[in-house]
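K.L.:
Based on what follows, work out the 3D shape:
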Amino acid sequence: MTGTPAMVRGPAAVAGAPRLDYVYRADTRSMDSLKNGFVPRYDLMSVDDLRELVRVFAGVKTLADSALGSHIRLRPTGPFNGPLMDALGKENSGASLNALDLHRHIIQANPRGPWVSADPDKACGGYAGGRSIYRIDMRYMRAVPWREAVPGAKGGRMWPHLLIDGRTVDDAKHFALHASIGATREVTFLGTIPAEWITLVA
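P.N.:
Numbers count the residues shown, from 1 in each chain. This is a model prediction of the structure:
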């Protein structure tokens with residue numbers, strides 16, 4: 001999941017999606033310890049697994065048809081817990097879950113999933129105190145409409161914006177979600193944030 005793809009330039013592809021050149025993360029780790037980037041606590045999901053995760057919550061695949069079964073069976077130490085985990089464990093659950101469900105779970109859950117959070121503001125949602133502040137270069141990614149990124153996805157007004165470093169999920173290697181409405185401004189990366197994108201700023 002590391003490496004620097006070709007930088008994506010130009011305005012965001014989604015009408016109304018904010019342009020995010022940089023986001024920030026407050027963290028107690030030193031820059032020297034981030035040689036592999038910001039790695040999720042649950043670091044067992046490959047790029048293909050993360051693509052499947054996006055497809056399931058975009059509604060184009062059910063869990064039974066995806067390659068995520070091995071991760072779901074790792075309960076309770078796997079990436080999902082609580083009501084979302086229960087729903088994922090049901091046959092054909094993909095039809096009843098969507099990207100908004102996933103993002104809500106990530107924000108509310110204990111952060112032991114395959115994701116890393118960041119914030120558009122240096123204050124990092126009030127978590128900056130006593131921590132180092134890292135800037136993450138988002139110019140490698142852009143907001144892409146769900147229906148274009150994941151052919152067959154229905155999309156929804158309340159769904160988070162999907163940011164990727166490719167034209168579709170199939171050719172992207174990095175994925176992030178950014179809330180489109182509501183009070184939270186959190187940006188959630190699915191998978192590792194590459195070290196090349198990270199700069200210590202405070």
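
K.L.:
Now do the SS call for the residue nearest to residue 127 when sequence neighbours are not counted.
P.N.:
Once flanking residues are discounted, residue 127 sits nearest to residue 26: 4.5 Å by Cβ to Cβ, 6 or more residues apart in numbering. Every residue, glycine included, has its C-beta placed from N, CA and C. Following DSSP: H, G, I helix; E, B strand; the rest coil, the label given to residue 26 is strand.

K.L.:
after the helix or strand of the chain with the lowest mean pLDDT comes which helix or strand?
P.N.:
Ranked by mean pLDDT, DSSP states H and E, the weakest helix or strand in the chain is helix 82-88, scoring a mean of 54. Using DSSP states H and E, the next helix or strand after helix 82-88 towards the C-terminus is helix 99-108.

K.L.:
That following helix - contacts with which helices or strands?
P.N.:
Counting contacts by 3 or more Cβ pairs under 8 Å, 6 or more residues apart in numbering; DSSP states H and E, helix 99-108 packs against helix 47-58, helix 82-88, strand 115-118, strand 175-178, strand 187-190.

K.L.:
how about a cut-off of 10 Å?
P.N.:
helix 47-58, helix 82-88, strand 115-118, strand 161-164, strand 175-178, strand 187-190 (3 or more Cβ pairs under 10 Å, 6 or more residues apart in numbering; DSSP states H and E).

K.L.:
on that earlier part again, pretty sure the residue nearest to residue 127 contacts residue 131?
P.N.:
Yes: the pair residue 26 / residue 131 is scored as a contact, 4.0 Å apart, by Cβ atoms under 10 Å.

K.L.:
I'd like the helices and strands packed on helix 99-108 written out as CSV, with distance to residue 105 added.
P.N.:
Listed next are those as CSV, based on distance: least, Cβ to Cβ, whole Å:
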stretch, distance to residue 105
helix 47-58, 10
helix 82-88, 4
strand 115-118, 10
strand 161-164, 16
strand 175-178, 11
strand 187-190, 10
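
K.L.:
Mean neighbour count, the ones you listed: which tops it?
P.N.:
strand 161-164 (a mean of 27; mean count of other Cβ atoms under 10 Å).

K.L.:
strand partners of it, parallel vs antiparallel please.
P.N.:
Note on strand 161-164: by DSSP bridges, its sheet partners are strand 142-143 (antiparallel), strand 175-178 (antiparallel).
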